[in-house]
Each structure stands twice: as structure tokens, then as C-alpha cells.
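Participant: give me a 3D structure for the following:
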Amino acid sequence: MTATIGGLLDRLHLLAYRLDPSGPPLPVETAHLAAGWAQVSQRLTAALKALPFEFDGTGEAQRDYHLSLLRPLRGPTEHTTPADPQLEDAALLFGGIADMLVDHHPRFQVDAPPRWFYPGLPPRKPVYEWRDRNEAAATALQDNLLAATYAIGNWTLHRLGTNGTDSTPFARSLRHLVNTCHQAARTNPDRRRSSLEHLTSTPVDEPSLYGALTRWATEAEKALHRRLVTSGTFAMLASDLTILTAATHHTLTPRMHKELEDLQEVTKTLTAALTGWKQIAAWPTNMRLGGPRALDYIAASRELRSYIAAELTGPDGWHTASQIQERFTTGQLDTLTQTLAQRSARMGDALSKTVRDMTIGQGRMWVDTSTARTVDPDLRRTRWILQADGAPPVAAPIDWHISRRPTERAIQLADTSREAANHSEQAATRIHQLLGFGHKLTPEVVSRVTLSRARIRVRYGHPGHQTGTMPPTFG
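Facilitator: From the prediction side, this is the model:
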């Protein structure tokens, strides 16, 4: 089953909303609550640390402040008392969100060629790139995590008060945390919608479109390794990106009547990317790479195409907007669009880097003799083969040469792939923004802690009777 960060957040906020603070005092309940908060603080710390804030920015400073308030709640290294089961469930959800954020791995990098391959040239060191930074999405997701923490903390403080242990160091530390989370909990849930909620986690062997996308991306990166990549891989991967780009466009069609101007801009960008990938898919036959056939990638590509055909096409071609709306809910469609756009952008970037490395970088592209002589007229057309028994040498034609300098066609292909990758990246970024902040709500009246669009919200200025003091008001 494919999980999303948004789905885990929905379950987390629903769990926090359903916590019932009523009931008589229970023996050893304070110890159970402390053990539960030790798990919650540990998992929440991991989730906050994995958020893609800009370096040395405001969001990172706020995150570090909340981390300092979570530190005293960890308690001893090992708790002998079992954790409260409700807090244990919350900790599992926080941990799942943290794991999915951590799994949002960096982009593909081209390996430097081995030193023996080009003895006259120093090998390039691969550039390490961290995951993409997104301050707005990280801030929105952090507010969602803190809003759930506020509701869970208020419930815990009420239970501590029932048991007469609301003056302990544990209670004081928790009260400080709840007071600082109040600002995040009282914001409109619509403003807390983050595009990171559409990140998915899919088992590798899941028989679904998401599973096929995961397997395809994994095998494609393996096939792009410089010792394995072939010109056939370039053409097939570009064809796959053409299909994924078209699928992304068709999953956006149901939104055309809602955000017309923004989506028209995205459509133009996707069309430009589609045109570029089609040109790469028509790879010229006089430029080759002699590697082994990537059989695992070919199988993954065929599987992906079969799932896309089953989910998004019919006998008459791509499904219409009304047919897509019948098959998917709004949330499912947003997640699918986000996943298709992000996968296309990441693999398009990987393909572009590899094409550039192999065609005009320190690659090993083979070109036919006539093309190679346009760049280097001194290349030989024939080679002499010595014969046995003193027979005269025989001249044999040389049909292929390793490209020492890039041809005009090679430069054109590298530029086309780079432009197509840029268009895919621009489209994915714009879709990321639209799906993260495209939800519009009518004004609503809320009272104390409520659940709005599956997200915790508190009334403006409501202090929370369990906290004892009015939280600070900002702005």
C-alpha cells in the first residue's frame, strides 16, 4: 500500500482530536505518560530535523528552538514503564513521517570516470548535492506537526492535572512546549497545506502504478551508470519521460477550470519538455555507446507503461477530465500528479547529466567515420591487418571511432536534453506550489480545538485551560 505524508498527518491529527481528557485518576499514569512523551519527542525531533529548510534561515532557527524544548522530554535512555498506548500510536506516526522525509534522497550524480580511462585528463570529482530546499513547504509541514503536538500536549497536561502531578519538572517542560506550539495550531489549516504532503512511500514489490514508478526509477539510475549506459537506454528513457510528461499533463486537466492562468503556464512548460524528450528519443543511429543491454530497466519500463495505460488511458486514448475525476478523488489525483511530475523532473535531470557527460564531457561515444572526420579530418579510414606466412597486409575499413571532440550533433543533443530537463523541473516546481497552496476554504467559525479539513485548529486567542497561561500573540 502506498503511504503519503498527508495521509499520515490526517491520521495523526484525527488521533490527537479524539483524545479524551476526562476520567478519574489512574495509578502510575504519570509514568506511562512520561514514557510515551519520551518516544514522541524522539520521533518528532527526527521529523523536524528532516525538514528541508533553507540554511541559516528563519524556519531553521524556529525549528532549532522547538528542538531545544523537546530535549528535556526525552527522559532517561531506557524507560522501564510501558508507554501510554495513545502516545505510542502518535510516536509511530511521527516516526513514519520522519522516515519518509529522510527517504527523500538527493538527486542523481554522474560518477567521475576512472583515472586509467583518460590518462591525460584529471577525472572530475562528483559534486554532492543535498536534497532540494523548500522553505515554504517545510514551514507548513512543521506547523502541522506542531499543531498535533499542541493537542496531544494539552491532553497530557489535563491528565497530569487530574492525577495531581501538574507541577513536576516533566509537566513544566511540557507546558513550555505547548505554549510555543499554540501559534502553529491556531493558523488556518488551509495555510498549512504543504506540497511535501504528496511525498509517497511505496514498497518496491507493490503491484501498482506507484510501485512501478519506484522500480522504474531505481533501475533507470542503475542503467545510467557510465560503464553500463547505452544509446538505446538514452532513447528508451527519453521515451518513458515523454509518456510521463504527457500523463502529468492529463492528470492536471480536471483542474483547468479552477486555476486557469497558472495551469496554462504549466501546460506550456510541459509541452516544451515533451518536445525535447521526443528529440532525445529519436537518438541518431550514427552515435552509439557500446554497453550491455539493461534488461532489468527494459522490464521495469515495460511494466510502467502497462500501468499507465491501464490507469490513465482507454480504447480512445488518454482519459478525459471527467473520466479521470470518476477514477480518482481530489487527494489521490493531487498525489499522482505530484509523483509523476517529481519523478519526471528527477530522472530528466539524471538523463541530461549523463547525456552531457557522454557526448561532450569525458565520455566514450562512438561515431561513424564520416561523422568523426567532420571534426578531425586526419582520422584514418582504414587499418592494415597483418597476415600469416608473410602474405601482404590487408586493408580493412574503420567504420567507428571514439569521439575525441564533440560533434555538432552531440552538442545539440546535450543542449536539447538540458532544456527539456529544465522545463520538467520548472513544471514540477510550479505543480509543487499549486498542489501545496491551491486549496481555498470559505471562512469558518471554530471553537477551542476542532478538526478542519482533517487538521487540528484552535480558536484565535483561546489560551487552552490546561496550560495555565495565555500563549504569546504574534502580529
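Participant: alpha carbons only for contacts and neighbour counts from here, please
Facilitator: Will do.
Participant: how far away is Arg43 from Thr271?
Facilitator: Distance from Arg43 to Thr271, counting by C-alpha to C-alpha, to the nearest Å: 42 Å.
Participant: Gln183: which element?
Facilitator: helix 169-185 (DSSP states H and E).
Participant: just His13 next, same as before
Facilitator: Applying DSSP H and E, one finds His13 within helix 5-17.
Participant: mind checking the pLDDT average for that helix?
Facilitator: The pLDDT scores in helix 5-17 average 89.
Participant: re the thing from before, quick one: which of Arg43 and Thr271 has more around it?
Facilitator: Between Arg43 and Thr271, counted using other C-alpha atoms under 10 Å, the more crowded position is Arg43 (22 against 19).
Participant: show me what contacts the spatially closest residue to the more buried one that is not a sequence neighbour?
Facilitator: Distances taken as C-alpha to C-alpha, 6 or more residues apart in numbering place Gly95 nearest to Arg43, at 4.8 Å, with adjacent residues excluded. Taking C-alpha atoms under 8 Å, 6 or more residues apart in numbering, we find Gly95 in contact with 43-44, 46-47.
Participant: quick check, Arg226 in a helix?
Facilitator: No. Under the criterion used here (DSSP: H, G, I helix; E, B strand; the rest coil), Arg226 is coil, not part of a helix.
Participant: ranking by neighbours, what's the top pick from the contacts of Gly95?
Facilitator: Among those, the one with the most neighbours (other C-alpha under 10 Å) is Leu44, at 26 neighbours.
Participant: for the helix or strand containing that one, packing partners?
Facilitator: Assigned by DSSP H and E, Leu44 falls within helix 29-49. Here helix 29-49 touches helix 58-70, helix 85-102, helix 135-162, going by 3 or more C-alpha pairs under 8 Å, 6 or more residues apart in numbering; DSSP states H and E.
Participant: would you map out the domains in the protein?
Facilitator: 1-193+450-475, 203-362+405-438, 366-402 (automatic domain parsing).
Participant: show me what contacts the closest residue to Asp99 other than its chain neighbours?
Facilitator: Counting by C-alpha to C-alpha, 6+ apart, Ala47 is the residue found nearest to Asp99 once chain neighbours are left out, at 7.6 Å. Applying C-alpha under 8 Å, 6+ apart to Ala47 gives the contacts 94-95, 97-99, 101.
Participant: from Phe328, how far out is Ala47?
Facilitator: 29 Å.
Participant: what's the answer for Leu92, then?
Facilitator: 28 Å.
Participant: swap in Gly6?
Facilitator: Distance from Gly6 to Phe328, counting by C-alpha to C-alpha: 16 Å.
Participant: and what of Arg430?
Facilitator: Counting by C-alpha to C-alpha, the gap from Arg430 to Phe328 is 22 Å.
Participant: neighbour-wise, which of these two wins?
Facilitator: Arg430 (18 against 14).
Participant: need the contact list for Asp334.
Facilitator: 198, 435.
Participant: could you do Pro82 as well?
Facilitator: Applying C-alpha under 8 Å, 6+ apart, the residues near Pro82 are 32, 35-36.
Participant: one step back: columns pLDDT and distance to Asp368 on top of the contacts of Gly95, output as TSV?
Facilitator: Shown next, in TSV, are the contacts of Gly95 (pLDDT from 0 to 100; distance: C-alpha to C-alpha, whole Å):
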residue	pLDDT	distance to Asp368
Arg43	92	58
Leu44	94	59
Ala46	90	55
Ala47	92	54
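Participant: residue ranges for the helices of this structure, please.
Facilitator: For the chain, the helices defined by DSSP state H occupy 5-17, 29-49, 58-70, 85-102, 135-162, 169-185, 209-223, 231-252, 260-281, 295-312, 321-327, 330-359, 369-375, 408-437.
Participant: which one of those helices lies closest to Gly23?
Facilitator: Gly23 lies closest, by C-alpha to C-alpha, to one member of those: helix 135-162, at 8.2 Å.
Participant: the closest one packs against which elements?
Facilitator: helix 5-17, helix 29-49, helix 58-70, helix 169-185, strand 455-457.
Participant: pLDDT on stretch 20-28, on average?
Facilitator: According to the model, stretch 20-28 has a mean pLDDT of 84.
Participant: also stretch 227-242?
Facilitator: The average pLDDT within stretch 227-242 is 92.
Participant: only C-alpha atoms, please: export that stretch in PDB.
Facilitator: Taking Å, rounded to 0.1, in the frame of the first residue of the first chain, the C-alpha atoms of stretch 227-242 are listed here in PDB:
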ATOM      1  CA  ARG A 227      30.000   1.800 -17.500                       C
ATOM      2  CA  LEU A 228      26.600   0.400 -18.400                       C
ATOM      3  CA  VAL A 229      24.800   3.100 -20.300                       C
ATOM      4  CA  THR A 230      24.000   2.600 -24.000                       C
ATOM      5  CA  SER A 231      22.500   4.800 -26.600                       C
ATOM      6  CA  GLY A 232      19.400   2.500 -26.500                       C
ATOM      7  CA  THR A 233      19.000   3.400 -22.800                       C
ATOM      8  CA  PHE A 234      19.000   7.100 -23.700                       C
ATOM      9  CA  ALA A 235      16.300   6.600 -26.300                       C
ATOM     10  CA  MET A 236      14.100   4.300 -24.100                       C
ATOM     11  CA  LEU A 237      14.400   6.600 -21.100                       C
ATOM     12  CA  ALA A 238      13.600   9.600 -23.100                       C
ATOM     13  CA  SER A 239      10.500   7.800 -24.500                       C
ATOM     14  CA  ASP A 240       9.500   7.000 -20.900                       C
ATOM     15  CA  LEU A 241       9.900  10.600 -19.900                       C
ATOM     16  CA  THR A 242       7.700  11.600 -22.900                       C
END
